[in-house]
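In: for reference, the sequence and a predicted model appear below.
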Amino acid sequence: MPRAEPPAEKPLLPQGAELAPPPTRLKVYGSLALSLAATLLPWSDDLHWLVPDFTLMALLYWNIHAPRLAGLGMAFTLGLVTDVARGVLMGLNALAFCAATFVILLVQRRLEGFDAPRQSLQVAPVLLGKEALVLTLGLMLGLGEADWRWLAAGVVAGVLWMPLAWLVDRLTGRPSRPPVPLP
């Protein structure tokens with residue numbers, strides 16, 4: 001009597017074609033340059049407070065998926081470029097970008113295993129925290145009145161994280177992760 005084979009179980013790690021090719025420097029730096037350009041577009045003054053920081057969103061995406069190519073040095077550099085382009089106090093965005101990058105790099109391994117919806121739940125507080133840090137530091141340094149509407153940009157960035165992650169995943173050839181069922 002032939003012995004029945006047990007059903008094949010799904011392996012714990014991705015196998016074969018499911019493995020993502022490593023991102024190239026051109027893809028990483030090109031997407032960061034495009035996101036910086038999108039952030040620095042001349043947005044309408046009425047809607048400027050709703051525009052998320054696309055540069056930080058792309059930087060955090062690459063902090064999760066290619067931390068060696070986009071780390072704290074890149075965060076500081078992009079923050080300084082943003083400060084100069086926006087004409088704000090030198091180092092304000094650089095400090096906020098470095099703080100957000102540091103937090104994401106602390107939990108990078110965990111975030112790398114999540115699909116886009118679960119990543120958005122983890123990254124949204126960091127994006128909101130960046131806006132709160134810039135607002136708080138600006139108030140502490142006497143740079144103007146508190147306009148709490150600027151926190152809306154962090155909320156919009158948290159909502160846009162999932163579509164941005166899916167888009168960049170498709171453009172870079174990363175396989176989509178099926179959602180993990182909750183216990």
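Out: Everything's here; your move.
In: any idea of the pLDDT on residue 17?
Out: At residue 17 the predicted local distance difference test score is 56.
In: an error on my part: the question was meant for residue 181.
Out: 60.
In: ok, now residue 33?
Out: For residue 33, the predicted pLDDT is 97.
In: what of residue 74?
Out: 97.
In: which parts of the chain are helices?
Out: 25-39, 54-65, 72-86, 92-106, 108-112, 116-140, 151-172 (DSSP state H).
In: so what does residue 70 have for phi and psi?
Out: Here is the backbone geometry of residue 70 (degrees, to the nearest 10): phi -140, psi 90.
In: burial measure for it, as a count.
Out: 26 (other CB atoms under 10 Å). (Each C-beta comes from the backbone N, C-alpha and C, glycine too.)
In: wait, it touches residue 57, no?
Out: No. Look at residue 70 against residue 57 with CB atoms under 8 Å: they stay out of range, at 12.0 Å.
In: nearest to residue 47, of the helices of the chain?
Out: For residue 47, the closest of these is helix 151-172, at 10.3 Å, according to CB to CB.
In: tell me which residues in that closest one are buried?
Out: 151, 153-154, 156-158, 160-162, 164-165, 168-169, 172 (16 or more other CB atoms under 10 Å).
In: just stretch 107-120 next, same as before
Out: So for stretch 107-120, counting by 16+ other CB under 10 Å, buried means 111, 114-116, 118-120.
In: any idea how far apart the tips of that stretch sit?
Out: 13 Å (CA to CA, to the nearest Å).
In: quick one, what contacts residue 103?
Out: 126, 129 (CB atoms under 8 Å, 6 or more residues apart in numbering).
In: give me the distance between it and residue 60.
Out: From residue 103 across to residue 60, the span is 9 Å (CB to CB, to the nearest Å).
In: list the residues that contact both of these two?
Out: In contact with both residue 103 and residue 60: residue 126, using CB under 8 Å, 6+ apart.
In: next one, pLDDT for the closest residue to residue 99 other than its chain neighbours please.
Out: Distances taken as CB to CB, 6 or more residues apart in numbering place residue 133 nearest to residue 99, at 6.2 Å, with adjacent residues excluded. With respect to pLDDT, residue 133 scores 93.
In: go ahead and confirm residue 133 touches residue 98.
Out: No. The criterion here is CB under 8 Å, and residue 133 misses it with residue 98 at 10.4 Å.
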